[in-house]
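**Q** make a model of this:
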Amino acid sequence: MNADKLRKISVTALLSLALMVPVNGVGHASGKQENLISMQPTYRDVVVANVKNDNGAPRQLRMNVFIPPQAKKEKVPVLVFVHGGGWARGTYEGDDVKQQAKQSKQSGNGALMDKDNTSSYKIFKDVLNHGIAFVSVDYRLNSEAAFPAQIYDVKAAVRFVRAHAAEYGIDADRIAIAGTSAGAHLATELAVTSGNKNLEGTVGGNLGYSSKVAACVDFYGPTNLLTMAPEMSPQLQSPAEAAETHDSVRANESILLGFTGEGQGVGTLRKIYEDGDKTSPYWSMVEKAKMGSPVYQVTKDAPPFFIAHGGHDSLVPIQQSISLQKALTDAGVENLFMCNSEAQHGYVGEDTNKAMMRWLCQKLGVKY
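**A** Numbering: from 1, shown residues only. Modelled structure (predicted):
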């Protein structure tokens with residue numbers, strides 16, 4: 001074989017090998033798949049609804065939608081993610097915010113909430129690596145509107161996803177929801193109140209579509225707005241500090257309920273509830289607090305739950321998750337509860353995260 005012919009064969013072989021290597025970065029010659037956690041939104045800042053805050057100011061509810069490559073071949077399941085932040089902070093943009101706003105350094109509970117927002121987003125966005133779409137949703141904060149605006153907003157987002165499932169390549173029958181801290185409260189509230197017209201709302205329309213989900217992941221979320229302070233371990237927070245954090249008119253729970261006037265606050269509502277004083281002018285607020293507490297809303301129709309909580313959580317007492325697990329079990333609802341005894345608020349450990357992802361994949365019918 002002469003040299004010219006050999007060179008032609010060699011060039012042809014090299015071209016063939018080059019064509020086998022993807023140019024879009026999704027795959028590699030080694031066969032290793034790219035980590036999709038750094039993926040940018042497929043659809044960014046999608047407008048779900050135009051609403052008004054309690055002061056009448058206009059507000060747009062948005063979401064970011066991430067569609068994995070598998071959707072090009074078949075319909076994929078989706079995880080709807082609800083951010084945490086004490087109902088007072090946080091954004092649907094998570095770690096994918098276009099320009100990270102400079103924030104003053106937080107301490108105490110503020111630091112715990114900020115840590116949660118920056119650490120948990122990518123933990124759940126990892127579903128993209130398992131062929132599950134990821135949708136991060138928006139809701140009005142407690143400084144913008146009182147409950148039940150928040151649950152109306154999150155249910156509107158789920159209905160929107162279901163209404164646009166065909167457009168996004170999503171399987172409308174395989175929608176799960178997850179959240180952390182305050183986001184877990186809203187995710188859980190949505191999951192246990194499917195079909196409850198008082199908690200559905202009309203935000204965003206799409207009322208011909210259900211807000212029902214196939215599974216729910218609750219990471220250290222409040223489940224009883226009336227009992228956060230007395231359930232806090234005195235080894236983690238003094239009773240006085242717990243009362244200020246959860247019972248006072250400055251507490252995020254009180255602000256969420258819109259009960260912040262003189263002599264008000266969640267502590268006042270708890271006393272009225274414990275006394276069974278239905279003659280109190282605030283009894284309707286007690287009922288509102290119960291309506292916003294998932295433990296009082298659980299029925300046998302709730303979807304399977306994965307619950308995780310840290311034993312050293314000094315912001316949301318672990319008893320909140322224990323009470324939810326009991327309510328679900330008593331109602332005959334499938335659930336799995338994992339506790340990392342050493343974990344603080346905002347991170348429950350890699351073993352728990354991996355177990356959650358394996359559970360979620362199984363519930364949504366995909367390979368882990």
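**Q** rest of the way, CA atoms for contacts and neighbours
**A** OK.
**Q** so which bits of stretch 237-249 are buried?
**A** Across stretch 237-249, burial judged by 16 or more other Cα atoms under 10 Å covers Gln237, Pro239, Ala242, Ala243, Glu244, Thr245, His246, Asp247, Ser248, Val249.
**Q** and the closest residue to the fourth one other than its chain neighbours, how close does it get to Phe219?
**A** Put plainly, it is Ala243. The shortest distance from Ala243 to any non-neighbouring residue, by Cα to Cα, 6 or more residues apart in numbering, is to Ala229 (5.3 Å). Going from Ala229 to Phe219 by Cα to Cα, to the nearest Å gives 19 Å.
**Q** strands along the stretch 1-150 of the chain, start to end?
**A** With DSSP state E, counting those that start in this stretch, the ranges of strands along the stretch 1-150 of the chain come out as 43-52, 58-66, 76-82, 133-137.
**Q** now the angle from the longest one to strand 133-137?
**A** Looking back up the chat, that one is strand 43-52. For strand 43-52 against strand 133-137, the angle by axes from the mean of the first three to the mean of the last three Cα atoms, to 10 degrees is 30 degrees.
**Q** other SSEs contacting strand 43-52?
**A** If you count contacts as 3 or more Cα pairs under 8 Å, 6 or more residues apart in numbering; DSSP states H and E, strand 43-52 packs onto strand 58-66, helix 149-163.
**Q** point out the most buried one among those.
**A** Ranked by mean neighbour count under mean count of other Cα atoms under 10 Å, the helices and strands packed on strand 43-52 are led by helix 149-163, which reaches a mean of 25.
**Q** Ala229 and Phe219: which has the busier surroundings?
**A** A direct count of neighbours by other Cα atoms under 10 Å for Ala229 and Phe219 places Phe219 higher, at 32 against 26.
**Q** can you tell me how far the more buried one is from Asn206?
**A** Counting by Cα to Cα, the gap from Phe219 to Asn206 is 28 Å.
**Q** also Ile132?
**A** 23 Å.
**Q** so these two - more neighbours on which side?
**A** Ile132 (31 against 18).
**Q** mind listing what the spatially most central residue of the chain touches?
**A** Nearest to the geometric centre of the chain sits Gly179, at 2.1 Å (Cα atoms, centre = their mean). Going by Cα atoms under 8 Å, 6 or more residues apart in numbering, Gly179 touches Phe81, Val82, His83, Gly84, His185, Leu186, Ala187, Val217, Asp218, Phe219, Gly221.
**Q** you'd agree it is in a strand?
**A** Yes - assessed by DSSP: H, G, I helix; E, B strand; the rest coil, Gly179 belongs to a strand.
**Q** read off the pLDDT value for it.
**A** At Gly179, the model reports a pLDDT of 97.
**Q** any idea how many residues pack against the closest residue to it other than its chain neighbours?
**A** In space, and not counting its chain neighbours, Gly179 is closest to Val82: 4.7 Å by Cα to Cα, 6+ apart. If you count neighbours by other Cα under 10 Å, Val82 ends up with 26.
**Q** also Asn35?
**A** 12.
**Q** got it, and the one 3 residues further on?
**A** Here the neighbour count serves as a burial measure; for Ser38 (other Cα under 10 Å) it reads 13.
**Q** please apply the same query to Asp95.
**A** 18.
**Q** now do Lys72
**A** Neighbours of Lys72 (other Cα under 10 Å): 11.
**Q** Pro222 against Gln320, yeah?
**A** Yes - judged on Cα atoms under 8 Å, Pro222 makes contact with Gln320 at a distance of 5.8 Å.
**Q** residues in contact with both of the two, list them for me.
**A** By Cα under 8 Å, 6+ apart, the residues touching both Pro222 and Gln320 are Met228.
**Q** about what we covered before: in terms of helices and strands, where is the residue nearest to Ala243?
**A** According to DSSP states H and E, Ala229 maps onto helix 228-231.
**Q** following that helix, which helix or strand shows up next?
**A** For helix 228-231, the following helix or strand on the C-terminal side (DSSP H and E) is helix 239-246.
**Q** residues of the next helix or strand after that following helix that come out buried?
**A** The helix or strand immediately downstream of helix 239-246 is helix 252-257, counting by DSSP H and E. Going by neighbour count (16+ other Cα under 10 Å), the buried part of helix 252-257 is Asn252, Glu253, Ser254, Ile255, Leu256, Leu257.
**Q** ok, Ala327 - contacts?
**A** Val295, Val298.
**Q** please apply the same query to Trp359.
**A** Phe306 are the contacts of Trp359 under Cα under 8 Å, 6+ apart.
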